[in-house]
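Asker: give me coordinates for this.
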Amino acid sequence: MLLLNLKNKKSIVIGFLFTLAVTVILAPLAAKACSRIFWNDNGVAMVAARTLDWSHSFEDILMVIPRGETMNGGFEGSPEWTAKYGSVVATVIPFIEQYSFDYVDDGAVDGINEKGLTVHGLYLGETVYPTDELSDLPKVSYFRWARYLLDNFANVKEAVDGMKKIRIAPVKMGDKVLGAHFAVEDPTGDSAIFEFIDGNLVIHHGKKYTVMTNDPVYPVHINNLKEYKDFGGKKEILPGGTDADERFIRAATFLRRLKKPADADDALGRILGVARAVQVPFDADEYGPTWYTSLTDLTNKVYYFDWALTPNIVWVELRNLDFSKGQPVKELNPRIPSLVGEVSGSFEPVKH
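Answerer: Down below sits the predicted model:
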């Protein structure tokens, strides 16, 4: 397993993502960002936040996926499933469509289903996906990973069990394969993080797994955290940079210091403050800015989307959506500057 020296990584051009069979060159300086934060011990509402940071915009859109929508893992012989639960997802399909990915099925990287299970996909350069030689489990594309979880499972425990029945497999975006790890959480406060290290699925499952950023692999972040005063160490000054290890420490520290909120809106405001403390401003470094921040109220099943280049936050209350079988898949461009507030009535059927 290749571990990057994070202290020196600004002098390193992003290396190689190794699979057992083939080496694929990653996008140079593509992204060392994205952060996920889950506040599950405030006694009022389960709330989560994630940032999507990259060297360019994916022109992200929101989609409503109804129950009964059928799809498969994206490979010959992949498992097929029918969505048990409706969901709202943020998808990068407007960008990856140029590489011939399916407009409806591919590209979801964030979202919540009607049971409150919430999913966040982030970049992890140290990912080594399982190969046919290592596993005979059925394959699911990493661009269908979020949908596999949201379509099929009502809570984290089910998602953990479900991940043991499949393997996530790479697909090329042009000539590139992207490493990814995923976090899931649910309204009970349960949480899990899925990583593929040396071709093996590694699961961190439990309520204590509330923060995730990017490289290095998760245990290294936990060890780094122990050096700081809030977590038993001696260091008092928090790092202020944009690298993943520094964002992890800041997010975990600020999350730990949050006071009990008065209500769900207060909880959302406070966790948004933590997310903003780890956002990457435009032109701050070569790795790319924060393009959007999502907030999820798992308790009340509301999904918020804050696009960096518009002054408004939009949100979707899942109770206002019709997820019944036979409804069309719907989409919304949340980056339209005139949109503000609750936008469930603004979705239109997908015409692709």
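
Asker: residues near the nearest residue to Arg257 once chain neighbours are set aside, how many?
Answerer: Excluding the flanking residues, the one nearest Arg257 by C-beta to C-beta, 6 or more residues apart in numbering is Asp230, at 7.3 Å. Quick note: C-beta positions are derived from backbone N, CA and C, even for glycine. Number of residues near Asp230 (other C-beta atoms under 10 Å) recorded here: 16.

Asker: dump the residue contacts of Asp297.
Answerer: The neighbours of Asp297, taking C-beta atoms under 8 Å, 6 or more residues apart in numbering as the test, are Ala45, Met46, Val47, Ala264, Ala267, Leu268, Tyr303, Tyr304.

Asker: identify the farthest-apart pair in those residues.
Answerer: Greatest spatial distance among the contacts of Asp297 (C-beta to C-beta): Ala267 and Tyr303, at 14.9 Å.

Asker: which residues does Arg319 contact?
Answerer: Applying C-beta under 8 Å, 6+ apart, we find Arg319 in contact with Lys301.

Asker: swap in Ala267?
Answerer: Trp39, Asn42, Val44, Ala45, Val47, Pro261, Asp297.

Asker: Glu114 now?
Answerer: Contacts for Glu114 were tallied using C-beta under 8 Å, 6+ apart; they are Tyr85, Gly86, Ser87, Lys301, Leu318, Phe323.

Asker: quick check: it vs Glu185, distance?
Answerer: To Glu185, Glu114 is 15 Å away according to C-beta to C-beta, to the nearest Å.

Asker: just Thr82 next, same as before
Answerer: 24 Å.

Asker: the more surrounded of those two?
Answerer: Set Thr82 next to Glu185 and count neighbours by other C-beta under 10 Å: Glu185 wins out with 31 against 12.

Asker: show me where the stretch 51-200 of the chain has strands.
Answerer: Using DSSP state E, counting those that start in this stretch, the strands of the stretch 51-200 of the chain run over 61-65, 70-72, 80-82, 87-91, 108-113, 118-123, 139-141, 167-169, 180-185, 191-197, 200-205.

Asker: which elements pack onto the fifth one?
Answerer: So the one you mean is strand 108-113. strand 47-53, strand 87-91, strand 118-123, helix 145-152 (3 or more C-beta pairs under 8 Å, 6 or more residues apart in numbering; DSSP states H and E).

Asker: show me where this structure has its helices.
Answerer: Along the chain, counting by DSSP state H, helices occupy 93-96, 145-152, 156-163, 218-225, 244-257, 264-278.
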